[in-house]
Structures are given as C-alpha cells and as structure tokens.
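*Asks:* One predicted model, sequence on top.
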Amino acid sequence: MGDTLAVARRDEYVRHMAELPLVQRARSHADRTAVITTDGSFTYRELLEASGRVASHILADRSDLEEARVAFLVPPSFDYVAVQWGIWRAGGIAVPLAVSHPVAELRHVIENADASIVIADPELEETVRGAVGPARRLLVSTRHFRNAPATALPDVAEWRRALMVHTSGTTGKPKGVVTTHTNVRAQVTSLITAWEWNGDDHILLTLPLHHVHGIINVLTCALWAGARCEMLPRFDAEEVWRRFVASPITLFMAVPTIYHRLIVAWEKAAPERRKTMSDACRRMRLMVSGSAPLPVQLLERWREICGHTLLERYGMTEIGMGLSNPLRGERIPGHVGTPVPGIEVRLVDEHGHQVDSGSTGEIQVRGTGVFCEYWREPEETRKAFHDGWFATGDVAVVENGSYRILGRRSIDIIKTGGHKVSAWEIEETLRSHPDIEECAVVGVTDRDLGESVCVAVELREGCTLTLDILRQWARERLAPYKVPREMCVTVLPRNAMGKVMKQDVTGMFG
Ligand code: MCA
Ligand code: AMP
C-alpha cells in the first residue's frame with residue numbers, strides 16, 4: 001500500500017514537473033487567493049481545477065491541441081483566466097478577442113488566427129456566432145466547462161507557441177503577434193524582478209484583456225508571483241477610486257488616459273472624500289504608467305494628488321516591456337528609463353548604424369521576451385528584424401543615461417487611449433462608405449486620449465455626410481477606439497505628386 005502511494009506521489013510529482021512553470025507555481029500557492037471579481041474570490045486551487053476542466057473539455061478525444069488556435073471572447077473575470085490557462089494546458093494557442101469589438105473585427109481575428117475552436121461567454125454567444133459565420137469551427141460556451149470531467153492533460157514544452165495578440169501596423173489589417181511560453185515567461189520574470197512583485201501584492205486590473213499590458217504586466221505577473229488580481233469588467237473612474245479606498249491594493253498599472261480620468265474624478269469629489277482617495281493611493285507601493293507617452297503635467301498632478309511619482313515604462317506587443325524607470329532610485333519625468341532585465345536596447349540611424357549617446361535613433365530590441373513571429377506573415381516577420389534585433393519604429397534619445405521617446409517613424413500609427421490604431425486601416429474601411437470619395441485619417445493631440453482619431457473626407461458629388469452618421473456606420477465595422485471622433489469635409493491637401501499631406505490635415509483639427 002505504502003509503495004503504491006509512493007509511486008502515485010512520484011507519478012504526480014513527475015507529471016507536475018512537466019507542467020508549464022506558471023501552473024507548477026500555482027500548485028505551491030494552492031489556497032491563496034488568485035482572482036477577485038464581482039462574483040467573489042477564487043484561489044489558485046480553484047483556478048487549477050477550473051482550467052483543468054476547460055482543458056479537458058476542449059481536448060475532447062485529443063491528447064494535445066498541438067498549437068491549435070483557440071479564440072475566446074470572455075470579459076475580464078475568473079472565467080477569462082480559467083479559459084486562458086485551460087487553452088495553455090491543453091496545448092493550444094490562446095487568441096483573446098476584444099469584448100468591445102464589433103463582429104467585423106472579431107471575424108478578422110478569428111479568420112486570421114484560423115481558430116479551430118472559439119469559446120464564448122454565455123452573454124456573447126450570439127456575437128461570436130455572427131463572427132464565426134458558416135465556417136467550420138467548434139463553438140463552445142463557457143457554460144459547458146462547469147461540469148466537465150477532468151482528464152489527463154498533455155505535457156506542454158515551453159518552446160511551444162502560447163499566445164497570439166493582434167496589433168495594428170502601418171498597413172494592412174491587424175496582425176497576430178505570436179509569443180511562446182518561453183517568451184511569456186521571460187516577459188513576466190523580467191517585470192517580477194524589475195518591480196519586485198511578491199506574493200503579498202494585490203493589483204487592481206481595469207485594462208482590457210486583449211492587449212499585452214493587461215494580459216502580461218497585470219494578470220500574468222500577478223499569478224506568477226502568487227499575488228491577488230482584483231478585476232473590474234471595464235474601466236470606470238468612480239469604481240476604481242472606490243476599490244482604491246476599500247481594497248488592500250499594493251500595485252496599479254494603467255495608461256495615461258486612465259490617470260487623466262482618475263484626476264478628473266478626484267477633482268469632482270468633495271474635500272473630505274478627496275483626502276480619503278489620496279490616502280488610499282499613498283498606501284500602495286507602486287503605480288505604473290505606460291502604453292503611451294505620459295505628459296509631464298499629468299505626472300506632476302498625480303504626484304500632487306497622491307504622493308506617487310508614476311513609474312513610466314515603455315513596451316510593445318511584440319516585445320513585452322523594453323524600458324522602465326527604476327522602482328528604487330530617481331524616476332525622470334518625460335523619460336522611460338533603462339532596459340528591463342533580460343532585454344537589450346539600442347538606437348540606430350536610418351542606415352542601421354548604432355548612434356552615440358545623445359543622438360536620435362530608432363529603438364531596436366533583443367531578448368528572450370521578444371515575440372517569435374507575425375502569424376503566417378513570414379515576410380513581415382523577416383522585415384521586422386535586423387541582425388536579430390526587432391525594429392520598433394519608435395524614435396528615442398538617451399539623455400543622462402535614460403531613454404526619452406521622441407515619437408514614431410510613421411505618422412500612420414496613432415495611439416489613442418493607449419490603443420494602437422492604423423490610419424491606413426481606418427481609411428481603407430471608410431473608403432467603402434458610399435458617400436466618401438477619399439479620406440485621410442490623422443491622430444490629433446488630445447488631453448484625454450493622448451491622440452484622437454480624426455478624419456478629413458472628400459465627398460462624392462451630391463453627397464452629404466454628418467459625423468454622427470459616419471460614426472454610426474463605422475461602429476459596425478471598426479473597434480470603438482478606431483471610430484473617428486471628429487470629421488472635416490474638405491478638399492484634401494496634396495503635394496505635387498498628388499500625395500495627401502498628412503501634416504496639413506492634422507492642422508485642420510483642434
Ligand atoms: C469601451 N467601449 C465599450 C467597451 N469599452 N463598449 C462596449 N464594451 C466595452 N467593454 C466603448 C466606449 O463606451 C466608447 O464609446 C468607445 O467604446 C470608445 O472606447 P475607448 O476608446 O476604449 O474609450 P473609453 O471607453 O472611454 O475608455 C478609455 C480607456 C480605454 C479606459 C482609456 O481606452 C482603455 O482601456 N485603454 C487601454 C488600452 C490598453 O490596454 N492598451 C495597451 C496596449 P463612445 O465612443 O460612444 O464614447 S499597448 C501594450 O499592450 C504595450 C505592450 C504597452 O506598452 O503597454
Ligand atoms: P502596442 O503595439 O499596442 O503594444 O503599442 C506599443 C507602442 O506604444 C510603442 O511602439 C510606442 O509607440 C507606444 N508606447 C508604449 N509605451 C510608451 C511610453 N511610455 N511612451 C511613449 N510611447 C509608448
């Protein structure tokens with residue numbers, strides 16, 4: 001009997017040793033709280049059980065999904081995490097879908113990933129059905145996981161593909177950025193070290209879970225560390241302040257627009273309440289800003305209100321985080337610091353030569369966290385790398401040993417509310433509007449959003465168009481943050497070659 005038990009224990013041990021490190025680590029945190037949502041608190045043990053059921057269900061009679069793409073449309077919740085881990089444990093590639101996206105955008109992601117399984121929250125099943133259309137893909141509701149029996153799961157080697165996050169480029173529709181489990185581990189452990197994550201941390205997640213910022217920096221880092229991740233289904237400034245006050249939060253990470261909106265909400269509050277809000281922030285150990293430039297005035301106002309100098313860092317879907325101000329030591333306003341652990345950064349000129357300190361150059365990055373490929377885009381992947389360095393398209397300078405981002409090489413990439421959008425993609429869509437002859441989309445500086453998506457249109461003869469009608473039409477085709485906020489009907493300014501001069505278009509707004 002004793003021998004049998006010893007063998008069983010050894011088998012259990014061997015089986016767990018072959019599990020992904022994130023899952024192995026979760027076993028050692030078993031009874032600690034992992035996730036807190038509006039539905040309650042869930043331990044690491046519950047997460048292991050729930051993700052095991054997801055994995056068993058989607059495996060059906062297969063022993064390993066062998067990198068099949070599994071797209072999932074689940075709002076930030078315990079189910080989201082169980083599904084993401086379930087896909088990983090079954091050997092699939094997790095392809096998160098955005099809850100705010102219209103059917104047309106969801107369809108693009110599902111088709112681009114060539115997902116064989118699509119998982120939906122019960123409330124979003126109809127939307128997903130519309131996005132899947134007549135194609136042969138297995139559609140599964142998260143309802144089905146509740147009573148699924150747990151079966152044996154495959155060993156998933158770390159070099160295998162794990163995650164596909166879609167991102168916009170200068171041209172074309174969003175591409176699938178693929179990272180392996182090794183890449184994910186490197187991205188996560190880099191931040192665990194840089195920001196000293198530990199099991200006593202408690203983070204509030206208020207970011208969408210179809211971007212690296214929410215998925216890696218917040219959720220996966222928390223779960224790797226054995227910490228608690230408290231989730232809101234979506235950002236709401238008042239609710240965030242309530243949680244700051246009520247929960248033992250130690251960490252917060254967000255985009256500048258969120259900090260701006262939190263300041264607006266703070267300023268509207270009564271003096272007594274303001275003090276409570278500020279005191280709640282002072283209890284935290286770290287507040288981080290990223291995904292878009294943090295204006296110095298915003299950093300200063302936040303410091304006045306909360307006593308925190310926001311730690312600004314720089315990252316990209318393709319690389320995870322690249323540069324960060326220090327956790328300990330001076331954080332320089334307007335700067336993004338130095339390379340995070342495990343990442344090398346260099347600046348190169350237009351001829352590909354590394355520039356001297358103090359000179360401007362494109363940021364190039366190398367390290368284990370860097371993605372492995374754009375999904376089924378070998379040529380795009382090849383072009384993105386130079387001698388093994390990933391070219392970000394962002395321009396920076398090093399001053400006093402710290403990087404300062406100066407902008408992007410392409411005017412056609414817009415950052416709005418922390419979302420990266422492609423002017424080219426929006427223009428392509430708007431050109432299919434029956435009243436639009438030609439158009440030019442630009443990002444215009446905006447206090448709240450950083451940049452706001454604006455469009456100048458030339459109309460077809462005899463046509464009229466209002467912003468409201470255009471927005472309504474565009475909302476069915478584009479993610480909400482790609483829908484233009486302002487429109488100007490005009491004759492587009494062109495140069496002698498007939499090319500639209502985007503700088504002049506930008507000048508038409510604001
Ligand atoms: C938004 N909308 C929605 C939803 N979310 N509708 C239905 N369901 C939703 N979940 C609607 C809004 O009401 C709004 O409608 C419209 O969509 C525009 O949305 P958005 O631009 O998102 O504005 P917002 O709702 O006002 O939210 C602002 C926000 C949000 C909270 C700052 O944009 C946000 O969460 N941004 C973070 C993005 C992010 O995580 N980026 C990281 C990528 P209407 O138009 O009618 O008002 S960069 C990255 O990952 C790299 C690695 C990095 O460096 O971090
Ligand atoms: P995404 O491709 O959505 O991951 O967005 C990555 C891009 O966001 C980068 O290429 C930068 O242009 C921008 N970005 C991220 N963090 C910062 C930052 N701290 N300052 C300026 N730009 C940033």
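*Replies:* Perfect, thanks for sending it. Ligands and ions are numbered 1, 2, ... in the order given.

*Asks:* Could you say which helix or strand holds Ile363?
*Replies:* strand 361-367 (DSSP states H and E).

*Asks:* Export that strand to CSV, keeping only CA atoms.
*Replies:* Output of strand 361-367 as CSV, limited to C-alpha atoms (Å, rounded to 0.1, in the frame of the first residue of the first chain):
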residue,chain,number,x,y,z
GLY,A,361,17.7,56.8,-33.4
GLU,A,362,15.1,54.1,-33.8
ILE,A,363,14.7,51.8,-30.8
GLN,A,364,15.7,48.2,-31.5
VAL,A,365,15.3,45.4,-29.0
ARG,A,366,16.7,42.0,-28.5
GLY,A,367,15.9,39.4,-25.8
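
*Asks:* is ligand 2 contacted by that strand?
*Replies:* No. Strand 361-367 stays clear of ligand 2 (Cβ under 6 Å from any ligand atom), getting no nearer than 8.1 Å. Backbone N, C-alpha and C define where each C-beta goes, glycine included.

*Asks:* ok, that strand: who's next to it in the sheet?
*Replies:* Its sheet considered, strand 361-367 pairs with strand 343-348 (antiparallel), strand 389-399 (antiparallel) by DSSP bridges.

*Asks:* And the very next helix or strand once past the last one, how far out from the chain middle?
*Replies:* I take that to be strand 389-399. With elements assigned by DSSP H and E, the helix or strand that comes after strand 389-399 is strand 402-408. Centroid separation for strand 402-408 versus its chain: 21 Å, with Cα atoms, centre = their mean, to the nearest Å.

*Asks:* ok, now stretch 462-477?
*Replies:* So, by Cα atoms, centre = their mean, the centroid of stretch 462-477 is 29 Å from its chain's centroid.

*Asks:* first vs last residue of that stretch, how far apart are they?
*Replies:* 25 Å (Cα to Cα, to the nearest Å).

*Asks:* and the stretch 251-400 of the chain, which of its residues are near ligand 2?
*Replies:* 290-293, 312, 314-317, 336, 392, 394.

*Asks:* Specify which member of the residues you listed is nearest to Ala150.
*Replies:* Thr317 (33.1 Å; Cβ to Cβ).

*Asks:* Residues in a beta bridge with the spatially closest residue to the closest one that is not a sequence neighbour, which ones?
*Replies:* What sits nearest to Thr317 in space, not counting adjacent residues and going by Cβ to Cβ, 6 or more residues apart in numbering, is Thr167, at 4.3 Å. In this entry, Thr167 is beta-bridged to Lys175, by DSSP bridges.

*Asks:* which SS state does His335 fall under?
*Replies:* Using DSSP: H, G, I helix; E, B strand; the rest coil, the structure places His335 in coil.

*Asks:* From ligand 1, how far off is the closest residue to it other than its chain neighbours?
*Replies:* Closest residue to His335 apart from its sequence neighbours, by Cβ to Cβ, 6+ apart: Ser402 at 4.3 Å. As judged by Cβ to the nearest ligand atom, to the nearest Å, Ser402 and ligand 1 stand 17 Å apart.

*Asks:* cool, Arg243 as well?
*Replies:* In terms of Cβ to the nearest ligand atom, Arg243 sits 15 Å off from ligand 1.

*Asks:* Count the residues that sit near that residue.
*Replies:* 18 (other Cβ atoms under 10 Å).

*Asks:* That one: what's it in contact with?
*Replies:* Arg243 makes contact with 204, 230, 232, 249, according to Cβ atoms under 8 Å, 6 or more residues apart in numbering.

*Asks:* Now Arg228: closest residue in space, sequence neighbours ignored.
*Replies:* His202 (4.4 Å).

*Asks:* Likewise for Gln364?
*Replies:* Using Cβ to Cβ, 6+ apart, the closest residue to Gln364 is Trp389 (3.9 Å).

*Asks:* can you give me the helices for the stretch 101-250 of the chain?
*Replies:* Counting by DSSP state H, counting those that start in this stretch, residue ranges of the helices within the stretch 101-250 of the chain are 103-113, 125-132, 181-194, 212, 221-225, 237-246.

*Asks:* can you put those in a markdown table and add mean pLDDT?
*Replies:* Converted to a markdown table, these look like this (pLDDT from 0 to 100):
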| stretch | mean pLDDT |
| --- | --- |
| helix 103-113 | 97 |
| helix 125-132 | 96 |
| helix 181-194 | 98 |
| helix 212 | 98 |
| helix 221-225 | 98 |
| helix 237-246 | 98 |
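
*Asks:* Of the residues of the stretch 251-400 of the chain next to ligand 2, which ones also sit close to ligand 1?
*Replies:* Among these, ligand 1 is touched by 290-291, 315-317 when using Cβ under 6 Å from any ligand atom.

*Asks:* For the residues you listed, pick the one with the most neighbours.
*Replies:* Ranked by neighbours (other Cβ under 10 Å), those are led by Ser291, which has 28 neighbours.

*Asks:* quick one: secondary structure of that residue?
*Replies:* coil.

*Asks:* Report the contact partners of it.
*Replies:* 211, 213, 255-256, 315, 415, 418.

*Asks:* Could you count how many residues lie near Gln503?
*Replies:* 9.

*Asks:* Touching, it and Ile411? I think so.
*Replies:* Yes. In this structure, Gln503 is within contact of Ile411 by Cβ atoms under 8 Å, at 7.5 Å.

*Asks:* tell me which element Glu438 falls in.
*Replies:* Judged by DSSP H and E, Glu438 forms part of strand 436-446.

*Asks:* Please list the residues outside that strand that contact it.
*Replies:* With contacts defined as Cβ under 8 Å, 6+ apart, strand 436-446 is touched by 411, 414-416, 423, 426-427, 430-431, 451-460, 465, 484-486, 492, 500, 502, 505-506, 509-510.
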